[in-house]
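[1] I would like to see how this sequence folds:
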Amino acid sequence: MVNAIGCIELNSIARGYLVADAMLKSANVEILFNRTICPGKFMVMVSGDVAAINAAVDTGLRVGGGEVVDDLIIANVHQDVFPAIAGTRVVEHTAALGIVETFSVAAIVEAADAAVKAANIELLEVHMAMAIGGKGFVTLTGDVAAVQAAVEAAADRIRGKGVLVDKVVIAQPRKEILEGKV
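    Numbers count the residues shown, from 1 in each chain. Take a look at the predicted model:
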């Protein structure tokens, strides 16, 4: 049963490929992402059952050594996280808008999972490091109270890592900002 994800973020692209190979050889996991990310980092994200993810991430951390920037294991990842990461989530109506921004990819996935588990919200997007200097951000929508609770849960989940950049809640966002208009 695929109910867990693991991620390792590295400073070295070459080491990233080595880590990905080692993770795949160590356990029955499937690659979700295996790519370079800004600024010159590499990310490996895998899915599988909890035991396989634990084994793969443990192996990846050993192989990655000092090049590891961040890592995560989410044992029971919320089903809405996958389409938000993939950019396939379609939301017809938005209410309040919440944004959480981090310095790491692993942390933004953790934050998104915590947010969607904490309140009745919809994830809009989990953006991971491309063209934003290696940062990550998640956008989410729902009623104001739910968005506030979700944003706080996300921030609380990653605050201890020291990678929280900012968090905001916009009660009534203009539709232009949600459509990406300038």
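[2] mind checking which helix or strand the residue nearest to Lys161 when sequence neighbours are not counted is in?
    Once flanking residues are discounted, Lys161 sits nearest to Ala107: 5.7 Å by C-beta to C-beta, 6 or more residues apart in numbering. (Each C-beta comes from the backbone N, C-alpha and C, glycine too.) Here Ala107, judged by DSSP states H and E, is contained in helix 105-118.
[3] who are the contact partners of the most centrally placed residue in the chain?
    By C-alpha atoms, centre = their mean, the chain has its centre lying nearest to Val109, at 1.8 Å. Residues near Val109 by C-beta atoms under 8 Å, 6 or more residues apart in numbering: Ile5, Cys7, Met45, Leu72, Ile74, Val81, Ile85, Val126, Met128, Gly136.
[4] quick one: Val19 and Gly60 touch, right?
    Yes. In terms of C-beta atoms under 8 Å, Val19 counts as a neighbour of Gly60; the distance is 4.6 Å.
[5] and the strands in this protein?
    4-10, 30-37, 41-48, 68-74, 96-102, 122-128, 136-142, 164-170 (DSSP state E).
[6] so the helix holding Ala107 versus strand 68-74, what angle?
    20 degrees (axes from the mean of the first three to the mean of the last three C-alpha atoms, to 10 degrees).
[7] now the angle from helix 105-118 to strand 164-170?
    Going by the same axes, to 10 degrees, helix 105-118 makes 40 degrees with strand 164-170.
[8] chain center to helix 105-118: distance?
    The chain centre lies 6 Å from the centre of helix 105-118; the measure is C-alpha atoms, centre = their mean, to the nearest Å.
[9] swap in stretch 140-149?
    A distance of 19 Å separates the centroid of the chain from that of stretch 140-149, by C-alpha atoms, centre = their mean.
[10] can you give the contact residues for it?
    With C-beta under 8 Å, 6+ apart, stretch 140-149 has contacts from 91, 94-99, 112, 115-116, 118-124, 150-151, 169, 171.
[11] could you flag which of these are buried?
    Among the contacts of stretch 140-149, those buried by neighbour count (16 or more other C-beta atoms under 10 Å) are 94, 96-99, 112, 115-116, 118-119, 121-124, 150-151, 169.
[12] alright, that wraps it up for me.
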